[in-house]
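A.B. asks: predicted coordinates and the sequence they were generated for:
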There are 4 protein chains.
Amino acid sequence: MPSSPADESTGALKSVREEQRLMTWRRIVKAARRVFEEHGYGQASIGDITKVARVNRATFYLHFANKAAVFNEVYAEVREQQSSHYWAMLDEGLTAGTKDALRSVLDRALAWWEEQAALLPAIHEAMASDLEVASRWKDQLDQLAGELHGYLGQFPEEERDARRLRVQLMVMQLDQLCFRAIVQKVFVIDRDVLLDVVCDLWVDSLQFSRESGTS
Amino acid sequence: MPSSPADESTGALKSVREEQRLMTWRRIVKAARRVFEEHGYGQASIGDITKVARVNRATFYLHFANKAAVFNEVYAEVREQQSSHYWAMLDEGLTAGTKDALRSVLDRALAWWEEQAALLPAIHEAMASDLEVASRWKDQLDQLAGELHGYLGQFPEEERDARRLRVQLMVMQLDQLCFRAIVQKVFVIDRDVLLDVVCDLWVDSLQFSRESGTS
Amino acid sequence: MPSSPADESTGALKSVREEQRLMTWRRIVKAARRVFEEHGYGQASIGDITKVARVNRATFYLHFANKAAVFNEVYAEVREQQSSHYWAMLDEGLTAGTKDALRSVLDRALAWWEEQAALLPAIHEAMASDLEVASRWKDQLDQLAGELHGYLGQFPEEERDARRLRVQLMVMQLDQLCFRAIVQKVFVIDRDVLLDVVCDLWVDSLQFSRESGTS
Amino acid sequence: MPSSPADESTGALKSVREEQRLMTWRRIVKAARRVFEEHGYGQASIGDITKVARVNRATFYLHFANKAAVFNEVYAEVREQQSSHYWAMLDEGLTAGTKDALRSVLDRALAWWEEQAALLPAIHEAMASDLEVASRWKDQLDQLAGELHGYLGQFPEEERDARRLRVQLMVMQLDQLCFRAIVQKVFVIDRDVLLDVVCDLWVDSLQFSRESGTS
DNA sequence: GATGAATGAGGATTCATTCAT
DNA sequence: TATGAATGAATCCTCATTCAT
């Protein structure tokens, strides 16, 4: 039965066996990522993955139940990284209330899309066809919103829910824009222009630092 | 070679032949739609489509080159309908400048997502994995923006590009929100609340009827 | 029912209909030849032929029963031409009894393989897989042998059968050699060398002009 | 990737696995041979082969890339056998220089065509349509010629090339004759007559044991 | 006589998955 | 634990052939 390697359980070192297991597990996940980047989600086959991982087909099933399972792992790593590296300072940026602070946060965020460009088609594809994946994406959005203590604190209790929702909507919008503009390039727009426009829009939409505003 | 049935050619009546052809063509497109609704894009097979259409597999290839080709047709119909039925009054709504007018337009728009709910996963899936489809989606967004004469006329020449872009971004955002909330239901939110929030957000973002502003 | 256009029957002119029929018949045969040249025999499809002939698929069946039937027509034309243009002087050449005369006949024969190179793979393929075609090839060989009056007359009655057979074997050999050397080019040999070797071999094998011999 | 089972590798006994693999490999080749015998090359389908081999269709692809690949194997076995069993004594026969010796060699050769009759149409078909196969046939012809040390040694250095070529031409001729006469039977001729005629022809053509000659 | 449309049958591949080893 | 071998089920696509027009 496939099991995530996160059964550190006792803490002691089961050493050899356990370690070997973890190694092949990682090989597979790493290979899977490469395959998803190259073929997207639907077109990626388990055969592709095991071929890249230089692992036997049957070995795959020892670690994962199916394609969706590996994808979860790959996607989890991406989300983890996105949260910790790129959105970490969102609250600060929003709280600061200056356009510059915001722009710097958004600039950082853009970098993420640029880096992950290769994998994003697979993610969006999976998010469209697999509710499980879409759910997990929503979870991340909720988690993100849950960390906006500084920003939300500025607003009266009763407004906070709406504010939180707005931020989520803006992030969602940014995600789409980046996907179409940076990854797929069907939305043709210069990076700086994109940043400007989005920045201005966030300022108007989130009305942060009410007094300073846009004007 | 598969050809769209729009070869009215002479205008006269090749009647019988032409009509029969058109009939099976429609059967296939209709069946394809049902299959895409049920299985999504990637999981839909041509066999499924011909089975539902009660047509021979080879007949399919007489009318369409492949799955992508039928999907284009299905998607074209959807866009056509979306443009003409739902977004037709967007310019008026934005130009009117009142929150009520906007809300009524958005309400109408929401109806579209509700009606097309079944097909949307397939569309989003295709949009994620097929650049061709993504391009056509962008075209529609451009066309939409190209009809905002009333609204854009309110702004000085030099601001219009940015304004147009903003509208597009808001539509894109709405599209995502509806997909996650209405279609996939991973974004749990009451229809009225959704409408309220989006409406307010558009008011702030599009700053229409500059004097009335946010109130 | 498909019928060869050779029903000249009454001799009078059935004019229009008959002529149209002949025209499409020729279109098809011509197209078929091109297709056989390009794809060989087995890989050629009726669809290919009608596409090249710019004729409807069903029309094909009005003229020919199947692929084999058109091929026969094409092959018949080729044999006709081969007999009349290239082997016509074989008897003279053999009768003359000089190496030069022989060489000139063989040189002419070689030209045939060079000209028909494109079609030959299809012919050899058909000859290997279709007994009917192989039979017709043998018929031609017999006809060829049947015209060697001058050459065979040199030999006493009782030797003639064996002599005739020998000529057929040498022609068969030449056919193979040319196919492998000129058409397929797997038998690498210079044209002149080929001619020399074959010529010498015929001289020894056919022992023509018994007195002059090999020298 | 399909690989010939000739990976003896370590030499030790991977026994079980290796043996099983070899077994199914043989089943397939054997079945393929039967199918090629029955349907020829072009008409043989992989489905036919796997049905006869009582093996899953996918299993076939585990061992061979496509129809051409199995055919190569079948053909290789045939050539192997032809070389070792039937042509092995050609040099001796030619060197001996007596008609009897030659006849005995040719008699043996004939046996090969008689035994392989069933498979030969497929081989000739493949040789006509597949340059790869034709090449391999030529290789065999070259190998054959390369072993005529005794016979060629009789001739002065400068004549040897031409002599070698002559032998190849005669073998080629024999191959054709046997195919048409023994396999296809479109060339109707009694076995003994055939042998006599060919034998005499070889004597004249190869002029072995120069002094004794034909007379 | 010629055609457009439709069909049934079959062929090549590929995949996810499961054993015995 | 990892693997080689095998499988059943699909999928796409093409072809020869036949009608109604």
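C.D. replies: Yes, it's here. The model shown is predicted, which means the values in this text are computed figures rather than measured ones.
A.B. asks: near DNA strand F, which residues of chain A? Just list them.
C.D. replies: Neighbours of DNA strand F within chain A, by C-beta under 7 Å from any atom of the strand: A:17, A:20, A:21, A:23, A:24, A:55, A:56, A:57, A:58, A:59, A:62, A:63. C-beta: built from backbone N, CA, C; applies to glycine.
A.B. asks: out of the residues you listed, flag the one nearest to chain C.
C.D. replies: Each of the residues of chain A next to DNA strand F was scored against chain C by C-beta to the nearest C-beta, and residue A:57 proved nearest at 34.3 Å.
A.B. asks: can I assume the closest one is in contact with residue A:45?
C.D. replies: No. Applying C-beta atoms under 8 Å as the test, residue A:57 and residue A:45 come out as separate, 10.2 Å apart.
A.B. asks: distance of residue A:34 relative to residue A:48?
C.D. replies: Distance of residue A:34 to residue A:48, given as C-beta to C-beta, to the nearest Å: 9 Å.
A.B. asks: do residue A:57 as well
C.D. replies: For residue A:57 relative to residue A:48 (C-beta to C-beta), the value is 11 Å.
A.B. asks: which one of the two has more residues nearby?
C.D. replies: Between residue A:57 and residue A:48, counted using other C-beta atoms under 10 Å in any protein chain shown, residue A:48 has the larger neighbour count: 18 against 11.
A.B. asks: what's the helix or strand for the more buried one?
C.D. replies: Assessed by DSSP states H and E, residue A:48 sits inside helix A:46-53.
A.B. asks: could I get the average pLDDT for that helix?
C.D. replies: Averaged across helix A:46-53, the pLDDT comes to 96.
A.B. asks: what's the answer for stretch A:191-208, then?
C.D. replies: On average, stretch A:191-208 scores 90.
A.B. asks: indicate whether stretch A:170-177 makes contact with chain B.
C.D. replies: Yes. Under the criterion of C-beta under 8 Å from any C-beta of the partner chain, chain B is reached by stretch A:170-177 at A:170, A:172, A:173, A:175, A:176, A:177.
A.B. asks: just those: which are in helices?
C.D. replies: Within those, residues falling in helices by DSSP state H are A:170, A:172, A:173, A:175, A:176, A:177.
A.B. asks: and which of the residues you listed is nearest to chain B?
C.D. replies: Using C-beta to the nearest C-beta, those come closest to chain B at residue A:173, 3.8 Å.
A.B. asks: find the nearest non-adjacent residue to that closest one, please.
C.D. replies: residue B:173 (3.8 Å; C-beta to C-beta, 6 or more residues apart in numbering or on different chains).
A.B. asks: my read: that neighbour touches residue A:169, true?
C.D. replies: Yes. Residue B:173 is within contact range of residue A:169, at 5.8 Å (criterion: C-beta under 8 Å).
A.B. asks: top of the residues of stretch A:170-177 next to chain B by neighbour count?
C.D. replies: Busiest of the residues of stretch A:170-177 next to chain B [other C-beta under 10 Å] is residue A:173, holding 25 neighbours.
A.B. asks: what sits against it?
C.D. replies: When contacts are counted by C-beta atoms under 8 Å, 6 or more residues apart in numbering or on different chains, residue A:173 is found next to B:169, B:170, B:172, B:173, B:176.
A.B. asks: tell me which element the residue nearest the centre of chain A is part of?
C.D. replies: Nearest to the centroid of the C-alpha atoms of chain A, with distances taken as C-alpha atoms, centre = their mean, sits residue A:79, at 3.7 Å. If you go by DSSP H and E, residue A:79 is part of helix A:67-81.
A.B. asks: next structured bit after that helix?
C.D. replies: Downstream of helix A:67-81, the next assigned helix or strand under DSSP H and E is helix A:90-96.
A.B. asks: alpha carbons of that following helix, as PDB, please.
C.D. replies: Output in PDB follows, covering the C-alpha atoms of helix A:90-96 (Å, rounded to 0.1, in the frame of the first residue of the first chain):
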ATOM      1  CA  LEU A  90       2.000  39.900   1.800                       C
ATOM      2  CA  ASP A  91       0.500  41.000   5.200                       C
ATOM      3  CA  GLU A  92       3.400  43.300   5.800                       C
ATOM      4  CA  GLY A  93       3.000  44.800   2.400                       C
ATOM      5  CA  LEU A  94      -0.600  45.400   2.700                       C
ATOM      6  CA  THR A  95      -0.300  46.700   6.200                       C
ATOM      7  CA  ALA A  96       2.400  49.100   5.200                       C
END
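A.B. asks: by contact count, what packs against that helix?
C.D. replies: Taking 3 or more C-beta pairs under 8 Å, 6 or more residues apart in numbering or on different chains; DSSP states H and E as contact, the helices and strands that helix A:90-96 lies on are helix A:99-116, helix A:149-153.
A.B. asks: quick check: chain neighbours aside, which residue is closest to residue A:133?
C.D. replies: Nearest in space to residue A:133, with sequence neighbours left out and distances taken as C-beta to C-beta, 6+ apart, is residue A:126 at 4.4 Å.
A.B. asks: how far away is the one you found from residue C:151?
C.D. replies: Between residue A:126 and residue C:151 the computed distance is 81 Å (C-beta to C-beta).
A.B. asks: between those two, which one's more packed in?
C.D. replies: Counted by other C-beta under 10 Å, residue A:126 and residue C:151 do not tie: residue A:126 has more neighbours, with 27 against 23.
A.B. asks: just checking, that one touches residue A:41?
C.D. replies: Yes. Using C-beta under 8 Å, residue A:126 makes contact with residue A:41 at a distance of 4.5 Å.
A.B. asks: list residues touching both of those two?
C.D. replies: Common contact partners of residue A:126 and residue A:41 (C-beta under 8 Å, 6+ apart): residue A:71.
A.B. asks: ok, how many other residues are close to residue A:190?
C.D. replies: Neighbours of residue A:190 (other C-beta under 10 Å): 10.
A.B. asks: export stretch A:73-82 as PDB, just CAs?
C.D. replies: What follows is stretch A:73-82, C-alpha atoms only, in PDB (Å, rounded to 0.1, in the frame of the first residue of the first chain):
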ATOM      1  CA  GLU A  73       3.100  15.500  -3.800                       C
ATOM      2  CA  VAL A  74       4.600  17.700  -6.500                       C
ATOM      3  CA  TYR A  75       1.900  20.200  -6.000                       C
ATOM      4  CA  ALA A  76       2.300  20.200  -2.300                       C
ATOM      5  CA  GLU A  77       6.000  21.100  -2.700                       C
ATOM      6  CA  VAL A  78       5.100  23.900  -4.900                       C
ATOM      7  CA  ARG A  79       2.500  25.300  -2.600                       C
ATOM      8  CA  GLU A  80       4.800  25.000   0.300                       C
ATOM      9  CA  GLN A  81       7.400  27.000  -1.500                       C
ATOM     10  CA  GLN A  82       4.900  29.600  -2.800                       C
END
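A.B. asks: mind listing what's buried along it?
C.D. replies: Buried residues in stretch A:73-82, counted by 16 or more other C-beta atoms under 10 Å in any protein chain shown: A:73, A:74, A:75, A:78, A:79, A:82.
A.B. asks: returning to that earlier point: helices and strands around the following helix or strand past the helix holding residue A:48, which ones?
C.D. replies: Remark: after helix A:46-53, the chain's next helix or strand is helix A:57-63, criterion DSSP H and E. For helix A:57-63, the elements it packs on are helix A:15-39, helix A:46-53, judged by 3+ C-beta pairs under 8 Å, 6+ apart.
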